[in-house]
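**Student:** Provide a 3D model corresponding to the input given below.
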Amino acid sequence: MRADRLLSLLLLLQTRGRMTAQALAEQLEVSERTIYRDIEALSYAGIPLYTERGPGGGCELLDGYQTKLTGLTAPEVRALFLVSISIPLADLGLGQALEDALLKLSAALPAHSRENATQVRQRIHMDTTRPTHSRPMASHLELIQEAIWQDYTLLLTYKGDHRHLIDPYGLVSQRGAWYLVGASAGQCKWCV
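**Tutor:** Prediction:
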């Protein structure tokens, strides 16, 4: 969607400073021509952008322009950027959404808070990997999530042919394993 791309372009320039059209195109997976059209659209919208061709050129925001996010304390910023280490979010198909949200958050932070966020990612590492044999199948997690969000009842099959109906309440990730929290919806009479 173009609006998402325009916002991403703005946030990339805010967080990284001057970037070439080629680098922006690679990052946003579009052509350089599209980047120039997007820069023109942002300029028409009142965003102060400057482009310079040739060696050392690039695209940048003028006069330190940026959106602001105020009121976050240093520990709050650290906590938010430690979330980016979360493998369970990747299991749920939300890894890219987390990266996009952190880019937006980083762009909106004042410069000193942005530096704090960068330090968190450079200085704290949590190994949340687990053996591949315990990795849940993504399709099951997607299906369970959908049932949770839509209040659907799940039909679980286990130990061969035992079937049970479950009303799912939520998912819990603990030490690399996923657990379904729910209530029994009764025996599945029509599927035995």
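
**Student:** contacts for the helix or strand hosting Leu12?
**Tutor:** Using DSSP states H and E, Leu12 falls within helix 2-16. Outside helix 2-16, the residues that touch it by C-beta atoms under 8 Å, 6 or more residues apart in numbering are 19, 24, 27-28, 30, 35, 38-39, 41-42, 47, 49, 59-61, 65-67, 100, 103-104, 106-108, 114. C-betas here are computed from N, CA, C, even on glycine.

**Student:** make it 10 Å
**Tutor:** With C-beta atoms under 10 Å, 6 or more residues apart in numbering as the contact definition, helix 2-16 has outside contacts at 1, 19, 23-25, 27-30, 34-35, 37-39, 41-42, 45, 47, 49, 58-61, 64-67, 100, 103-109, 114, 117-118.

**Student:** which helices and strands sit right next to the helix or strand where Lys104 lies?
**Tutor:** Using DSSP H and E, Lys104 maps to helix 95-108. Here helix 95-108 touches helix 2-16, helix 74-82, helix 87-91, helix 111-123, going by 3 or more C-beta pairs under 10 Å, 6 or more residues apart in numbering; DSSP states H and E.

**Student:** what's the closest of those to Leu165?
**Tutor:** Closest to Leu165 of the helices and strands packed on helix 95-108 is helix 87-91 (C-beta to C-beta; 24.5 Å).

**Student:** for the closest one, the averaged confidence score.
**Tutor:** In this model, helix 87-91 carries a mean pLDDT of 72.

**Student:** give me the domain ranges for the chain.
**Tutor:** Listed by automatic domain parsing, the domain ranges of the chain are 2-64, 74-123, 133-191.

**Student:** tell me the pLDDT of Glu60.
**Tutor:** Glu60 is assigned 89 on the pLDDT scale.

**Student:** can you name the next helix or strand after the top strand by length along the chain?
**Tutor:** Longest strand in the chain, counting residues (DSSP state E): strand 162-174. As assigned by DSSP H and E, the chain's next helix or strand after strand 162-174 is strand 177-187.

**Student:** other SSEs contacting the longest strand of the chain?
**Tutor:** Secondary-structure packing of strand 162-174 (3+ C-beta pairs under 10 Å, 6+ apart): helix 87-91, helix 138-150, strand 154-158, strand 177-187.

**Student:** buried sites along the helix holding Leu12?
**Tutor:** Judged by neighbour count (16 or more other C-beta atoms under 10 Å), helix 2-16 contains these buried residues: Arg5, Leu6, Leu7, Ser8, Leu9, Leu10, Leu11, Leu12, Leu13, Gln14, Thr15.

**Student:** what would those look like in TSV with pLDDT and distance to Trp178?
**Tutor:** As requested, the buried residues of helix 2-16 are exported to TSV (pLDDT from 0 to 100; distance: C-beta to C-beta, whole Å):
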residue	pLDDT	distance to Trp178
Arg5	86	33
Leu6	86	36
Leu7	82	32
Ser8	85	31
Leu9	89	36
Leu10	86	36
Leu11	83	32
Leu12	87	34
Leu13	89	38
Gln14	85	36
Thr15	81	33
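
**Student:** since that was my last question, I'll sign off now.
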